[in-house]
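Novice: need a structure here:
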Amino acid sequence: MKIITQIRWASVILLNGPWLGASDWNQWRGAQRDGVAAGFKTPSVWAADAWSARWSVTVGEGHASPVVDGDRLFVFGRENDHELLRCLELATGKVVWEEGYPVPYDMNPAARGHGKGPKSTPAVVGGRVFALGINGHLSAWDAKSGAVLWRKNFVGEFKATSPAFGASVSPIVDGENVIVHVGGRDEGALIAFDAATGKVNWRWSGDGPAYTSPIIATIGGVRQLITQSQKRCLAVAPADGRLLWEIPFTTPYEQNVVTPVVFRDLVIFSGLRNPMFAVRVTGDAATKVWENREISQYMSSPILDGTKLYGMSDKRRGTLFTLDALSGTVLWKNDGLLGANATLTDIGPALLVLTDGGDLTVQEKAGDALKEIARYKVADAPIWASLAVAGDQLIIKGKTTVALYGFSASKE
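Specialist: The predicted structure is shown next:
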């Protein structure tokens with residue numbers, strides 16, 4: 001890893017909360033699906049010798065994010081028109097098992113820059129791994145052996161098995177259910193499958209899927225699965241799929257992508273060429289309480305820290321910002337030019353910002369602002385996958401490779 005800039009922090013900073021075990025980054029954006037690496041230990045110096053690439057392995061194309069469970073790493077990629085799930089030893093990168101299936105895929109010309117996927121991030125829970133392929137194949141594997149437990153492709157069930165730019169909804173596991181929005185444009189269903197057998201336990205068929213990955217939160221004492229569909233923002237009861245509330249929401253070319261964020265009784269949404277906005281959820285209603293037209297997000301999902309919301313707007317070719325989550329007021333934003341996309345990870349005193357240009361920047365929280373204190377070049381090709389965290393190590397998926405970077409004590 002080549003360092004571009006470096007800066008010294010006064011001392012090693014230990015964050016509050018329990019140590020982050022490797023199993024805590026087992027799904028989209030981590031255990032809580034919020035991009036927060038609780039317990040991450042930062043180095044005293046962000047310098048060249050604070051980082052080292054422990055290993056790098058070729059795993060195929062796609063920008064599904066890697067996930068970690070114990071001493072195992074799972075990566076979902078594409079090689080020679082096959083989608084492959086690989087299980088690797090976290091410490092060495094050695095392949096433990098791999099399993100795949102043929103996936104011919106005709107790519108939308110507008111998405112050629114993103115490749116043929118897969119785009120959906122797997123979830124590994126309870127000794128099983130679940131992943132959604134680019135054209136809608138949903139698979140469950142035994143995490144230890146790689147045995148296929150069940151697989152579905154939805155051909156004939158819907159007019160299309162994926163949205164126009166390919167399926168990218170990341171499965172979410174809730175108890176005995178794995179919940180995924182399947183289908184394609186104008187026809188799909190949010191379905192809870194039995195994690196062990198694939199049996200359908202419930203479905204909500206009110207809209208086609210978007211590209212958003214859902215979250216689960218409790219608001220006003222009501223537990224709810226919150227997501228964006230093709231034309232809506234909505235919540236259903238994760239126990240039975242009953243619709244709790246919905247509001248209309250559309251973006252150009254029906255590209256609802258951004259993962260929702262919950263702040264107290266507010267749910268914060270955004271989308272391409274739309275203002276960021278928050279709704280207050282009370283019972284079966286969601287009422288808009290603020291919107292901010294200075295900020296619009298396309299694919300980059302925001303991070304909540306206390307009352308502050310950090311993110312990257314797609315305006316001015318990529319602008320980092322800080323918002324007050326209660327009012328939507330812009331507290332700070334930079335001059336832009338960050339790139340077409342960035343994924344954010346909260347490590348306590350700073351954010352790690354991984355850009356599609358192949359740069360990993362360390363953005364220190366400085367009052368309301370973010371201050372870049374280090375920048376590393378981690379790839380020469382565009383990166384679209386979010387990084388994964390295992391203790392004080394980072395796993396970064398490039399165009400065709402996955403690599404593990406470890407921190408070490410910096411020389412004074």
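Novice: so where is this protein shaky, pLDDT-wise?
Specialist: 1-23, 48-50, 408-412 (pLDDT under 70).
Novice: tell me which helix or strand Glu246 sits in.
Specialist: strand 243-248 (DSSP states H and E).
Novice: and after that strand, which helix or strand comes next?
Specialist: Going down the chain from strand 243-248, the next helix or strand is strand 261-263, by DSSP H and E.
Novice: residues in contact with the helix or strand that that following strand is followed by?
Specialist: Counting by DSSP H and E, the next helix or strand C-terminal to strand 261-263 is strand 266-271. Contacts to strand 266-271, defined as Cβ atoms under 8 Å, 6 or more residues apart in numbering, come from residues 217, 219, 226, 228, 233, 235, 249, 251, 255-258, 260-262, 276-281, 286, 289, 295-298, 302, 304, 309, 311, 325-326. Placement of C-beta: from N, CA and C, glycine included.
Novice: starting at the chain centroid, how far to strand 266-271?
Specialist: Centroid separation for strand 266-271 versus its chain: 16 Å, with Cα atoms, centre = their mean, to the nearest Å.
Novice: tell me which strands the following helix or strand past that strand pairs with, and in which orientation.
Specialist: Of the helices and strands lying after strand 266-271 in sequence (DSSP H and E), the nearest is strand 274-282. Here strand 274-282 has these sheet partners by DSSP bridges: strand 266-271 (antiparallel), strand 285-292 (antiparallel).
Novice: please state the offset of strand 274-282 from the chain centre?
Specialist: 20 Å.
Novice: repeat that for stretch 197-211.
Specialist: Offset of stretch 197-211 from its chain centre (Cα atoms, centre = their mean): 20 Å.
Novice: what about that stretch, start to end distance?
Specialist: Stretch 197-211 has an end-to-end distance of 25 Å (Cα to Cα, to the nearest Å).
Novice: buried ones in it?
Specialist: Neighbour-count burial for stretch 197-211, counted by 16 or more other Cβ atoms under 10 Å, picks out Asn201, Trp202, Arg203, Trp204, Gly206, Asp207, Gly208, Pro209, Ala210, Tyr211.
Novice: one step back: among the strands paired with strand 274-282, which comes closest to Thr401?
Specialist: Thr401 lies closest to strand 266-271 among those, at 30.8 Å (Cβ to Cβ).
Novice: helices of this structure, residue ranges please.
Specialist: Shown for the chain, no helices are assigned by DSSP state H.
Novice: and Gly198, what does it touch?
Specialist: Ala140, Leu149, Trp150, Arg151, Lys152.
Novice: what sits opposite the third one in the beta ladder?
Specialist: Applying DSSP bridges to Trp150 gives these bridge partners: Ala140.
Novice: can I assume it is in contact with His137?
Specialist: No. With contact defined as Cβ atoms under 8 Å, Trp150 does not reach His137; the gap is 11.2 Å.
Novice: quick one, strands of the stretch 101-250 of the chain?
Specialist: Counting by DSSP state E, counting those that start in this stretch, the stretch 101-250 of the chain has strands at residues 123-125, 128-132, 138-142, 148-152, 172-174, 177-184, 187-194, 200-204, 215-219, 222-228, 232-236, 243-248.
Novice: kindly reformat the buried residues of stretch 197-211 as JSON lines containing distance to Glu157.
Specialist: Formatted as JSON lines, the buried residues of stretch 197-211 follow (distance: Cβ to Cβ, whole Å):
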{"residue": "Asn201", "distance to Glu157": "16"}
{"residue": "Trp202", "distance to Glu157": "16"}
{"residue": "Arg203", "distance to Glu157": "11"}
{"residue": "Trp204", "distance to Glu157": "15"}
{"residue": "Gly206", "distance to Glu157": "16"}
{"residue": "Asp207", "distance to Glu157": "16"}
{"residue": "Gly208", "distance to Glu157": "13"}
{"residue": "Pro209", "distance to Glu157": "13"}
{"residue": "Ala210", "distance to Glu157": "18"}
{"residue": "Tyr211", "distance to Glu157": "20"}
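Novice: now, which of those sits nearest Arg29?
Specialist: For these, the nearest to Arg29 is Tyr211 (14.3 Å; Cβ to Cβ).
Novice: contacting residues for the closest one?
Specialist: Residues near Tyr211 by Cβ under 8 Å, 6+ apart: Lys119, Pro163, Phe165, Ser168, Val169, Gln255, Asn256, Val257.
Novice: what's the local residue count around the fourth one?
Specialist: In this case it means Ser168. 24 (other Cβ atoms under 10 Å).
Novice: over to the last one?
Specialist: Counted with other Cβ under 10 Å, the neighbours of Val257 add up to 21.
Novice: surely it is in contact with Ala210?
Specialist: Yes. Counting by Cβ under 8 Å, Val257 does reach Ala210; the two are 7.0 Å apart.
Novice: what touches both of those two?
Specialist: Each of Gln228 lies in contact with both Val257 and Ala210 under the rule Cβ under 8 Å, 6+ apart.
Novice: from His137, how far out is Tyr101?
Specialist: Using Cβ to Cβ, to the nearest Å, Tyr101 is found at 7 Å from His137.
Novice: tell me which of those two has more neighbours.
Specialist: His137 (22 against 14).
Novice: skip the chain neighbours and tell me the closest residue to the more buried one.
Specialist: Excluding the flanking residues, the one nearest His137 by Cβ to Cβ, 6 or more residues apart in numbering is Asn153, at 5.1 Å.
Novice: Ala381 now?
Specialist: Distances taken as Cβ to Cβ, 6+ apart place Lys399 nearest to Ala381, at 4.1 Å, with adjacent residues excluded.
Novice: likewise Arg72?
Specialist: Distances taken as Cβ to Cβ, 6+ apart place Cys87 nearest to Arg72, at 5.5 Å, with adjacent residues excluded.
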